[in-house]
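Peer 1: Below: sequence and its predicted model.
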Amino acid sequence: MHGNYKEKLSAALTSVALQTCVICTACAGHASLLAQEAGQRVTADTAVTTGLFETQDLVLGAMVVGTLIAIPPLDGVDQSVRLSVAGALDDRDVVARSLGRSLGSLPVAVGLTGGTFIVAGMTGHTSLRKAGLHGLEALLLAEAITQIVKFATGRPRPSITSDSDEFYPLRLSADYHSFPSGHTSKVFAIAAAFSSGLKDEAPWVPYVAYPLATWTATTRVLDRRHWVTDVVAGAALGILASRVVGRLNHRGRSGGTAWYVLPGADGSISVMVSAPAP
């Protein structure tokens with residue numbers, strides 16, 4: 001461990017803390033607005049969906065932050081895996097590895113969820129259409145948060161360093177955007193969204209979606225693009241994003257305010273707010 005590790009980690013944690021405060025402040029303001037719009041109306045449905053975050057959400061968030069803090073103690077795990085996969089970089093599983101890499105890329109993820117939303121809407125599959133939209137919104141939210149944390153922490157990828165406990169905050173180079181794994185956060189956001197949205201009509205979906213997501217995370221480690229701790233944090237972040245988006249959308253269907261995140265044709269991202277008439 002380098003002598004200046006504590007200074008680097010402190011800077012990384014400070015940057016993440018500032019970004020987290022901004023996100024939490026926005027969420028708190030949104031929750032307050034929802035409470036004001038709801039007034040004193042209390043029903044069995046709204047009573048369940050009053051809070052923006054649930055205990056499981058806090059656990060997932062703690063996993064992301066905890067993984068970052070635990071990187072030094074887990075250095076041996078990251079190093080052991082890095083050395084064990086060093087000889088696994090061959091072409092024997094090129095098709096399977098390519099599948100894992102492709103699923104987590106932003107164009108493929110947006111195309112998969114957006115295409116599902118459009119086709120299901122045209123064919124009248126309501127649950128599948130909602131699942132597609134949920135997945136699209138969740139992956140975009142997960143991607144946005146992931147990029148913020150990547151930039152804030154500046155952890156080098158295992159392909160350029162043998163030290164897993166280094167941090168270089170605020171680096172623009174993608175070589176220093178290892179934590180957390182963006183591919184992993186996106187695919188787990190999609191897996192959670194489809195598993196939740198189709199749990200009644202297709203209970204088998206989680207048994208397909210989560211293994212695919214796990215394989216994507218595995219390929220990121222095999223390709224030495226990420227440390228193991230990167231993909232663990234990415235998985236937790238993706239599931240958390242899906243849960244939050246699903247709860248906000250449920251409020252919209254229950255007569256409250258809902259937020260929708262949609263990609264534009266020019267590559268931009270638009271945020272649409274649906275609110276009940278006064």
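Peer 2: Yes, it's here. Numbering: from 1, shown residues only.
Peer 1: Please, where are all the strands along the chain?
Peer 2: Applying DSSP state E to the chain gives strands spanning 258-263, 269-274.
Peer 1: Neighbours of the nearest residue to Ser127 once chain neighbours are set aside, how many?
Peer 2: Distances taken as CB to CB, 6 or more residues apart in numbering place Glu201 nearest to Ser127, at 5.4 Å, with adjacent residues excluded. Where you see a C-beta, it was placed from the backbone N, CA and C, and this is true even at glycine. For Glu201, the neighbour count with other CB atoms under 10 Å is 12.
Peer 1: Okay, now the unreliable bits of the stretch 51-200 of the chain?
Peer 2: In the predicted model of the stretch 51-200 of the chain, residues 51-52, 86-93 satisfy pLDDT under 70.
Peer 1: now the helices for it?
Peer 2: Assignment of helices within the stretch 51-200 of the chain using DSSP state H, counting those that start in this stretch yields the ranges 55-69, 75-85, 94-103, 106-123, 126-153, 182-197.
Peer 1: who are the neighbours in contact with Ala142?
Peer 2: Ser185, Lys186, Phe188, Ala189, Leu237, Gly238, Ala241, Ser242 (CB atoms under 8 Å, 6 or more residues apart in numbering).
Peer 1: Kindly recompute the last result at 6 Å.
Peer 2: Ala142 is in contact with Ser185, Lys186, Ala189, Leu237, Gly238, Ala241, counting by CB atoms under 6 Å, 6 or more residues apart in numbering.
Peer 1: right, and out of those residues, which lies closest to Ile160?
Peer 2: Ser185 (21.1 Å; CB to CB).
Peer 1: Pull up the gap between that closest one and Leu140, please.
Peer 2: 11 Å (CB to CB, to the nearest Å).
Peer 1: neighbour count winner among these two?
Peer 2: Neighbours per residue, other CB under 10 Å: of Ser185 and Leu140, the larger number sits with Ser185, 34 against 23.
Peer 1: The more buried one reaches Ala236, doesn't it?
Peer 2: No - counting by CB atoms under 6 Å, Ser185 stays clear of Ala236, with 8.5 Å between them.
Peer 1: who's in contact with Pro156?
Peer 2: With contacts taken as CB under 6 Å, 6+ apart, Pro156 has the following neighbours: Glu166, Tyr176.
Peer 1: do the one 3 residues further on as well
Peer 2: For Ser159, the contacting residues are Arg224, by CB under 6 Å, 6+ apart.
Peer 1: next one: phi and psi at the nearest residue to Arg225 once chain neighbours are set aside?
Peer 2: Nearest residue to Arg225, sequence neighbours excluded (CB to CB, 6+ apart): Arg157, at 5.8 Å. Backbone torsions of Arg157, given as degrees, to the nearest 10, read phi -80, psi 150.
Peer 1: Confirm for me that Arg157 is in contact with Tyr176.
Peer 2: No - between Arg157 and Tyr176 there is no contact under CB under 6 Å: 7.6 Å.
Peer 1: about what we covered before: which of the helices of the stretch 51-200 of the chain is buried the deepest?
Peer 2: Greatest average neighbour count among these goes to helix 182-197 (a mean of 29), per mean count of other CB atoms under 10 Å.
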